[in-house]
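# Need a 3D model of the following:
(chains A and B)
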Amino acid sequence: MEERELVKRAKQDIQAFDELYRIYYPKINNFVFHRTYDEDVRNEIVSNVFYKAMKNLYRFKFLDSHRCSFSAWLYRIAVSEVNQYYRDRKRDFKLVMKKKNDKPDDPTVYPYEFLYVKQCLSYLKPFEQNLIALKYFEKKSYRELSEIFGKKENALKVKTHRSLKKLKNILEQEKDHGQDQRYA
Amino acid sequence: MDKIKDMLNSLKIPLIDDKFQFNALRSRLLQAFFSRQRVYMLRYRWAVSMAALLFLILVATFMVPDFTSSVNTLVFGDQGKGQPLVAENVEKSKGILMPVDQGKIANSSNRLINDDKTYLIRQYNSPRSGKVMVVSEYNKQLQNNKIKKVSASSY
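Purely as a prediction, here's the structure:
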């Protein structure tokens, strides 16, 4: 069934909403996993995203579907929830890293390179983290990113370039300080 | 810059497959599912039905005048029917408007007339005395020369 029709039905039909949930849960769950460090927090944020989506689905219209698809709308909620979480708890990346230094993600479960990049990514600003996570972890195109962030593609390209430059510097610095030995 | 792009693109991204959390959240969502449209429709139907009921009552009031009194009787029963409300009001108004010292009346030479008579009180505007109250017996023709001036006050 076409996504448009499915979303239209999901406003009244629980089965259609369930179908949407099945499609988008893994995607949103992965994105939130890339942005958080705690499983409980991830579960809480993902729950909030779907509760909010369910509650506000009646507001979502395909009148502006050329600007925002349902997928982008869900990601937008997820980004907002992640930002809200960090704002509420006032947990900057240093606090998170301090906590995680005691109990780092298990390198036997997740690839070492990924954990290392994720750690370095946390030194960037929240917007930059969201951008890189969506672009390189979720493999979103600039068109989809522009729908999610509500910005022009060219502006996002510039932002991504700057964020990558920052990340590159951080990776080099971390390498120099031997931070990567933690997971060795 | 291309180096880091290639590194990120070639990065092995772990995929989280948390079936337990998926099913737990799914069941919670299914339980809590509600449609905002359905809520609006319920409110709309309730408002329309109430408006229709009020409209029917309004029409019935015009078409059948006894309808409202029947409804009143139906709701409140015979409560408050045929009670001498006027007598109560008279008693109250006497106390408020004309405070009288009972002892003064008893000691005076005035005698209380026990006849049950009805009187009319008329109020006139007099250019000299201002407002004039005229008391006359009911069912008796008023005669100008026999009008008794009871009180005169100018405001």
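# Least confident secondary structure element in chain A?
One helix or strand of chain A scores below all others by mean pLDDT, DSSP states H and E: helix A:93-102, with a mean of 50.
# and the helix or strand just after that helix, what does it pack onto?
Helices and strands here follow DSSP states H and E; after helix A:93-102, the next one along the chain is helix A:112-121. Contact here means 3 or more C-beta pairs under 8 Å, 6 or more residues apart in numbering or on different chains; DSSP states H and E; on that basis helix A:112-121 packs against helix A:153-176, helix B:2-9. Glycine gets a C-beta too; all of them are placed from N, C-alpha and C.
# Out of these, which is closest to residue B:46?
When the helices and strands packed on helix A:112-121 are compared by C-beta to C-beta, helix A:153-176 sits nearest residue B:46, at 47.3 Å.
# could you dump that closest one to PDB, C-alpha only?
Provided in PDB are the C-alpha atoms of helix A:153-176 (Å, rounded to 0.1, in the frame of the first residue of the first chain):
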ATOM      1  CA  GLU A 153      20.100  21.400   0.600                       C
ATOM      2  CA  ASN A 154      23.000  23.700  -0.200                       C
ATOM      3  CA  ALA A 155      23.000  25.000   3.400                       C
ATOM      4  CA  LEU A 156      23.100  21.500   4.700                       C
ATOM      5  CA  LYS A 157      26.000  20.500   2.400                       C
ATOM      6  CA  VAL A 158      28.000  23.400   3.800                       C
ATOM      7  CA  LYS A 159      27.100  22.400   7.400                       C
ATOM      8  CA  THR A 160      28.000  18.800   6.700                       C
ATOM      9  CA  HIS A 161      31.400  19.800   5.300                       C
ATOM     10  CA  ARG A 162      32.200  22.000   8.300                       C
ATOM     11  CA  SER A 163      31.000  19.200  10.700                       C
ATOM     12  CA  LEU A 164      33.200  16.700   8.900                       C
ATOM     13  CA  LYS A 165      36.200  19.000   9.200                       C
ATOM     14  CA  LYS A 166      35.600  19.300  12.900                       C
ATOM     15  CA  LEU A 167      35.200  15.600  13.300                       C
ATOM     16  CA  LYS A 168      38.400  15.000  11.400                       C
ATOM     17  CA  ASN A 169      40.300  17.300  13.800                       C
ATOM     18  CA  ILE A 170      38.800  15.600  16.800                       C
ATOM     19  CA  LEU A 171      39.700  12.100  15.400                       C
ATOM     20  CA  GLU A 172      43.300  13.300  14.900                       C
ATOM     21  CA  GLN A 173      43.500  14.800  18.300                       C
ATOM     22  CA  GLU A 174      42.100  11.700  19.900                       C
ATOM     23  CA  LYS A 175      44.600   9.600  18.000                       C
ATOM     24  CA  ASP A 176      47.400  11.800  19.300                       C
END
